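In: Provided below are the primary sequence and the corresponding predicted coordinates.
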Amino acid sequence: MAELTYRDAVARGIAQEMERDNRVVFLGEDIAKAGGVFKATVGLYEKFGPLRVRDTPISEQAILGAAMGAAMTGLRPIAEIMFADFLAVCFDYVANEMSKMRYMTNGQLGCPLVIRTGNGGGVRFGAQHSQSIENWTMMIPGIKVVAPSSPVDVVGLMAAAVRDQDPVIFHEHKALYAMKGEVPDGEIVDTLGTAKILRAGSDCTIVALALMVSRALEAADRLQREHGIDAEVIDVRSLVPLDTRTILGSVAKTGRFFTVEENPRLCGWGAEIASIVADEAFWDLDGPVVRITTPHIPLPAADHLEDLALPSAARIVDRIRRVMNG
Amino acid sequence: MASGQGAAARLDVPRNDDIGIEQRLYLFRLQVEIRDCEKRAYDLFLQNLIKGTSHLSLGQEAIAAGFGVAMRKGDKSFCTYRGHAHTLARGAPMEGMLGELMLRDIGLMRGKGGSMHLTSVEHDVLGSYAIIGAHLPIACGSAWRAQYLGEKDVSVCFFGDGTTNIGAFHEALNFAAIWKLPVIFVCENNLYMEYTPIGDVTAVKHPAADRAASYGLERILIDGNDADVVLRTAQAALAKAREGGGPSLIECLTYRHSGHSRADPGKYRPPGELEEWMKRDPLLIYRQRLREFGVSDETIEAIEAESRRKVDVATAACKASPSAPVELLTTDVYADGGWAWRN
Amino acid sequence: MTSTVIMPQLGETVAEGKILKWFKSIGDEIKEGEDLFEVETDKVTLEVQSIVSGRLDEIRIAEGIVAKVGDVVAIVGGEAVASNAVPADAASTTKAPVIATAPPRSPFEEVATPLDRFGSVRGPEGVRVTPLARRLIAQNGLQLGQLVAVAKLRGREKIREKDVRAALETRLAAPASEPVAVSPTAAAAAPLESAALPGDVVALSAVRSRTADRLAEAWRTIPHVFQAIEVDFTAIDGVRQTRKEAFRTSQGFALTFLPFIARATCLAIQAFPQINARFSNNALILSRDVNLGIAVDLSHKGLVVPVVRNAGDLTLVGLAKAMNRQIEKARSGTLTLDDLSGGTYSISNNGTFGTAFTAPIINAPQVAILSTDAIKLKPAVVSTAQGDFMAVRMIGMVGQSFDHRAFDGAYSAAFLSTLKRILEQRDWADELADYA
């Protein structure tokens, strides 16, 4: 067992898979010699060499296109798109190409690749470098989407993503790179499509993702101490495939459902889950289904404004308390 | 590693080597079959047996045939939505291609992809791509894989003149050049970007050849309607790539006889232009070439008759084929063969 | 080796069932063939046996919940399932959790919308009831009226889970411990089927609910026309009276008017085949066989219509036996789905309570239904060669509701007229010769 930062866990997960399988290669901007702009891939170039860990020009379309061509013909590439916002630059490959290849070719070709990207805000990078865009990727049929909230999940889910035969978008959170957590020694392989109940509770279900997970946990603690509300907190971890079973099981137990989402309000990832709950778990609900999200605005650079925008533990506590007691 | 700039090896394009009568007959047969198959596709579209859209290669057969003969098994083709000719040139069966256009179960992808996405991994056709330029970086990725694993195949992507103005073209060329990838970029310049003359929308006269220097590549501009020229150029480029000499950008001048797609009657072309180019029809050129090399008219006619027969047999098979079973609606979204996104 | 227990195929048109009761708990050992759970469909309630032996590891669908045919309702296992294919020694590897996958949903219905209805959010007197509270009230047989009264007393406009839980605890504890001004008899919340009081809201069982839907649909889509004809049952009654002792001794059940009516109906249908048909897409599909449905009232808890197949081939006695068998099965709750399907014509027998005539609702997709009511002594005019006389006769109305799209009143009237003639003039003694 060791204490690792989230960023070190990224390098550890990639290294674990590159050691295991010679077909795993890694490309991106400043990922090799510089170890990544977020220092999340330090040491990989030294360990695996310039043939397996390659710096690219600033060419997002070429990065994803090349990853796709390599994956289609036998490699297991990991491609970095530095800031998740930049996925918009090469979104053709996500929306039109890699997601549809298998279907259009009737199973002749597939794209077993991983796109890892720095997602999320809270680090004062301004509107074009701070977005949470997991929901953009969730809505394309044929893509899988994960967003780990802790170092151990980073390693396990990275391994699962690399081993998966479908294109997986791996959303790392920029504000979590410095986070520390316990990571067991040895090989760690998690399973896509599994949510985790991080805090068992009986009064309400809170579903959160990535950075919002720790805030939901903090809120649950305060809800219990200050208001006697015993919340169950679920880290959804994987948006596609989605572990609806765990979520619905929790709602069946508690009767109340909340999401905490960093993405702007409209069509956030929680909207889909809220819809499933309101449908399938209708007769388990003792109150309305509520989403707690960032407002539907671009994110400001100013720190006090950005902190207001993203759901804070205080805002989560307040919202849940008012809804539950109403 | 060398950046690929400056000291790129010159492509040696031999002019006096004998291609050999067998290869010539094969080149001719391919062009004839492509022509006949595409004409049949035209007719089937008029009969509403081919639905949606279809982009025909009538008049551009020599490029597909030349590369089809030069490429060997394992070399990979990446095409655009105007990919019927290339798919046939790599040996995919006619009924597979026509069947896919007719959206029947006999089609190469059982009707799930359609005309614009013809794919046959068995014949090394790794997809036809409908988003302009998307497949150029993908071809680079395939080439990277070959380079990384030490495999000796070459990846070839075919695209039109319009592609040379999109971002992915430039990213791919730069990428291929700096990593010295075994990839060949073949621009089929048929003078029109969809409905607009390419000259109106491109800053340079030859949209591909005049840009090669920007990527440290040799300027290669050839007559795309002479299959021998295409064959020799292709062979040289393939050999260079296979030996680690890096990528080539080849611009083939050609012309399409029909409109951009089936929906387009091509009325934007200046009068006389089509007639001029019809005199340079690849089949006319190659018939004459065969005669120059002593092939009899009987042999030529026999090849043409056999081609027509094959197209008729394929057409009958496609017409007899049912549509894909409805279960295929939801298969192969994911690698497990299914579509499930939740438990 | 784990096995999944799925909701079995319960009948051709049945898509789902509600689990009423689990006979085993998690951890129990089950043997192959043992009853595992009880399921209610819109037609019938049945026990489902386990097809494997093992330990009941998991119950996926709880009591009171509806599952679709094919859904996994439970897991029967032996050893714990191995986790996903991760090699390496146990000491240093973190194993991944196992994801048990449910059978795939339809791509057009990726979310399993519940089909249960437990009532509206709008309760009486402006009180709102959460969906969960509604479900708990229905599943526990509580009475909404009481909960509404409690809420009103406390000045509340909403009934939530905690209110229902409180009411449940009150029910378990001594009655009248709750200082609420409700009547003492109502305080001990009575089971739903009996003692429902005015103002109570009685949730429909799945059977009633589905039947209600079908009846409404039939009424809405079929242009019903009703006709009745008066039949003189005196002759039949004469035969019945002289034969009934021997019949009962021999067969073990009473000989009623119903088998006579059923037999006559089968005979009449031979001359009027359009009566025994199905209406579909502007065509009338005549059936070769007469599969006669007999409506059976289940002590006011619902109606089932078990079918006697090939009734046209049966003699009077054969019909009587077959009908009795089906009625017994209906009353004892042992009808199978096959007993309830394939009917081509139905008879609704309403005579027990003395009604004059009944216009029943057609059992879609059939095109007509016969009704019989009380057969009793009445004054009637009898024509003889010697003239017309007043006499006391056994008279009963036989009616038919029919689908006017299938045929006209004249056809139906002619059928009824033929039926009357058969009933009044057939040599019934001959059919019961064995029971003299």
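Out: Noted; the coordinates are in hand. Numbers count the residues shown, from 1 in each chain, chains lettered A, B, ... in the order given.
In: Show me the helices in the stretch 201-343 of chain B, by range?
Out: Counting by DSSP state H, counting those that start in this stretch, one finds helices in the stretch 201-343 of chain B at the ranges B:227-242, B:273-278, B:282-292, B:297-320.
In: And the first one, what does it pack against?
Out: Helices and strands touching helix B:227-242, by 3 or more CB pairs under 8 Å, 6 or more residues apart in numbering or on different chains; DSSP states H and E, are helix B:21-46, helix B:61-70, strand B:183-189, strand B:220-223, strand B:248-253, helix B:282-292. C-betas here are computed from N, CA, C, even on glycine.
In: If you count neighbours, what's buried in it?
Out: For helix B:227-242, the neighbour count (16 or more other CB atoms under 10 Å in any protein chain shown) marks B:227-238, B:240-241 as buried.
In: I'd like these as TSV, with pLDDT and distance to C:Thr249 appended.
Out: Output for the buried residues of helix B:227-242, formatted as TSV (pLDDT from 0 to 100; distance: CB to CB, whole Å):
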residue	pLDDT	distance to C:Thr249
B:Ala227	97	102
B:Asp228	96	107
B:Val229	96	108
B:Val230	98	103
B:Leu231	97	103
B:Arg232	96	108
B:Thr233	98	107
B:Ala234	98	102
B:Gln235	97	105
B:Ala236	98	108
B:Ala237	98	104
B:Leu238	98	101
B:Lys240	98	107
B:Ala241	98	102
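In: Which one of those is nearest to chain C?
Out: Of all those, chain C sits closest to B:Ala241, with 39.1 Å by CB to the nearest CB.
In: hmm, back to that, could you say which of the helices of the stretch 201-343 of chain B is packed most deeply?
Out: Highest mean neighbour count of the helices of the stretch 201-343 of chain B: helix B:227-242, a mean of 22 (counted as mean count of other CB atoms under 10 Å in any protein chain shown).
In: give me the low-pLDDT residue ranges for the stretch 1-150 of chain B?
Out: Scanning the stretch 1-150 of chain B for pLDDT under 70 picks out the ranges B:1-17.
In: contacting residues around the residue in the stretch 201-343 of chain B that chain C sits nearest to?
Out: Nearest residue of the stretch 201-343 of chain B to chain C: B:Thr330, at 4.6 Å (CB to the nearest CB). B:Thr330 makes contacts with B:Gly338, B:Trp339, C:Pro107, as judged by CB atoms under 8 Å, 6 or more residues apart in numbering or on different chains.
In: Just the buried ones among those, please.
Out: Buried, going by 16+ other CB under 10 Å: B:Trp339, out of the contacts of B:Thr330.
In: quick check, nearest of the contacts of B:Thr330 to chain A?
Out: The closest of the contacts of B:Thr330, once distances to chain A are taken by CB to the nearest CB, is B:Trp339, at 7.4 Å.
In: What residues does the closest one make contact with?
Out: A:Pro141, B:Thr330, B:Thr331, B:Val333, C:Pro107.
In: Phi, psi for the most centrally placed residue in chain A please.
Out: For chain A, A:Ala147 is the residue whose C-alpha lies nearest the centre (CA atoms, centre = their mean; 1.4 Å). The phi and psi torsions at A:Ala147 (degrees, to the nearest 10) take the values phi -150, psi 90.
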